[in-house]
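A.B. asks: Dropping a prediction and its sequence here:
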Amino acid sequence: MTHLPKLLAPALGLALVLAACSPKQEDSAATTEAAAAAQIIKIGFSAPLTGPQAHYGKGYQNGVQLAIDDVNDTKPMIGGKLVQFELVAEDDMADPKTATQVAQRVLDAGVAGVIGHFNSGTSIPASKVYSDAGMPQIAMATAPALTQQGFKTVFRSMTSDTQQGSVMGRYVVEKLAARKIAIIDDRTAYGQGLADEFEKAAKEVKGEIVAREFTNDKASDFMAILTSIKSKKPDAIFFGGTDAQSGPLVKQMRQIGMKAPLISGEMTRSDTFIKLAGPAAEGSIASLAGVPLAQMPGGPDFETRFKARFGEPEIYSPYGYDATRILIAAMIKADSVQPAQYLPMLAGISHAGVTAPKISYDTKGDLENGGITVYKVVGGKWEVLESIGGAQ
């Protein structure tokens, strides 16, 4: 065995120590130390993360997470301190009772603001819990009732059903020339609210509602309702509800020989609807807030970055992203994460987002300049028919 000279051994040891403290490792250590030094600010989130609506909730959550990561990469400062945002996610299972329990858990976790809930039926009861605590909430929910409560802490991510339903009611009568219309809803705050606004608008332009039926949001057999409607020979059938039901619904329409197109809202305008309905999806029409992702101001860049991290964006992913960036922008502008301090900044925000060039709220918390796009299933894919309204 060869022995190192006595003078060489210490030198070699020093070299090894210096090598161990490479610039790369020093940078990594500094980054870790900086992250440890940052004040953690929690952002609450709730949506259905299990069950038949989990694909909506997970896509929504991933958009929120991407926004948090993007903000953290900028090393934000609030109150003279480095801060790092962290997501606290809860599954409300699309259940109103669970939603209020989840809302309290989110508050108990010490969050500075909330993104969600997703469904109108969960957002409305949860909003009372947040309002009582003075906690700002940007919900995906579209039912008019959400912002009609008068809570100053509630804001929306998407165009309300008042806008979507009224546009679609006129569109079906005036553009699709459907005079006799049947309406079915799932009795949720979302489904019934959308159907109510659709009916009101269709009647205003002389559309005749030949049937108004309802089911529940767990049903899968619609044959009795459809058989009753079939005898009235509608030119179109409007459904207020989710893709988990509109898919089977249109299949059963075709099974009993009904040829009228199915018309629905944004929760039907999904790839899941097409998978569930199969060939029966062809010709179905649905609305969606805003413009297609490819036409959104930040759509192409968002899609590229989202795909690299999570795969294909869901319908609600870019809206979750914008809501999160808006919430944090209000905190940064107020130089505070205290709800009472940044709430006025949130109410008066004007934000250049992924989904729209200018996102701002009216006095109720509804989006200003909200538009929608109408889609149709052609060749097994959703294709744009027309974009209506909204800031360009």
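C.D. replies: Alright, I've got the coordinates.

A.B. asks: Give me the residue at the spatial middle of the protein.
C.D. replies: Residue closest to the mean C-alpha point of the chain, counted by Cα atoms, centre = their mean, is residue 316 at 3.5 Å.

A.B. asks: In contact with that residue: list those residues for me.
C.D. replies: By Cβ atoms under 8 Å, 6 or more residues apart in numbering, the contact set of residue 316 is 56, 59, 60, 63, 118, 140, 157, 158. For the C-beta atoms, the positions are set from N, CA and C on the backbone; glycine is no exception.

A.B. asks: Doesn't residue 184 belong to a helix?
C.D. replies: No. Residue 184: not assigned to a helix; according to DSSP: H, G, I helix; E, B strand; the rest coil it is strand.

A.B. asks: follow-up on the earlier one: tell me the buried residues within the contacts of residue 316.
C.D. replies: Buried members of these, counted by 16 or more other Cβ atoms under 10 Å: 56, 59, 60, 63, 118, 140, 157, 158.

A.B. asks: From those residues, which land in helices?
C.D. replies: With helices taken from DSSP state H, the overlap with these comprises 56, 59, 60, 63.

A.B. asks: Return the member of those residues nearest to residue 251.
C.D. replies: residue 56 (20.6 Å; Cβ to Cβ).

A.B. asks: ok now do the closest one, which residues does it touch?
C.D. replies: By Cβ under 8 Å, 6+ apart, the residues touching residue 56 are 47, 48, 118, 242, 267, 270, 314, 315, 316.

A.B. asks: quick one: which of the residues you listed is nearest to residue 358?
C.D. replies: For those, the nearest to residue 358 is residue 316 (20.2 Å; Cβ to Cβ).

A.B. asks: Just give the closest residue to the closest one, not the sequence neighbours.
C.D. replies: Nearest non-adjacent residue to residue 316, counting by Cβ to Cβ, 6 or more residues apart in numbering: residue 60, 4.3 Å away.

A.B. asks: Return the residues in contact with the one you found.
C.D. replies: Per Cβ under 8 Å, 6+ apart, neighbours of residue 60: 47, 116, 118, 140, 314, 316, 317, 319, 320.

A.B. asks: Looking at those residues, which are in strands?
C.D. replies: Among the contacts of residue 60, DSSP state E puts 47, 116 in strands.

A.B. asks: Which member of the contacts of residue 60 is positioned nearest residue 184?
C.D. replies: residue 118 (22.0 Å).

A.B. asks: I'd say that closest one and residue 142 touch.
C.D. replies: No. If you go by Cβ atoms under 8 Å, residue 118 and residue 142 don't touch, sitting 10.2 Å apart.

A.B. asks: ranges for the helices of the stretch 201-350 of the chain?
C.D. replies: Along the stretch 201-350 of the chain, counting by DSSP state H, counting those that start in this stretch, helices occupy 223-230, 243-255, 271-277, 299-310, 317-334, 339-347.

A.B. asks: Dump these into CSV; add distance to residue 98 as well.
C.D. replies: Formatted as CSV, these follow (distance: least, Cβ to Cβ, whole Å):
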stretch, distance to residue 98
helix 223-230, 28
helix 243-255, 18
helix 271-277, 22
helix 299-310, 25
helix 317-334, 20
helix 339-347, 24
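
A.B. asks: do you know which of the ones you listed lies nearest residue 67?
C.D. replies: Among those, helix 317-334 comes nearest to residue 67, with 3.6 Å by Cβ to Cβ.

A.B. asks: now that closest one and helix 299-310, what's the angle there?
C.D. replies: Here helix 317-334 points in a direction 100 degrees away from that of helix 299-310 (axes from the mean of the first three to the mean of the last three Cα atoms, to 10 degrees).

A.B. asks: For helix 317-334, buried residues please.
C.D. replies: Buried residues in helix 317-334, counted by 16+ other Cβ under 10 Å: 317-332, 334.

A.B. asks: sorry, back to before: most widely separated two among the ones in helices among the buried ones among the contacts of residue 316?
C.D. replies: Top of the distance list for those (Cβ to Cβ): 56 and 63, 11.2 Å.
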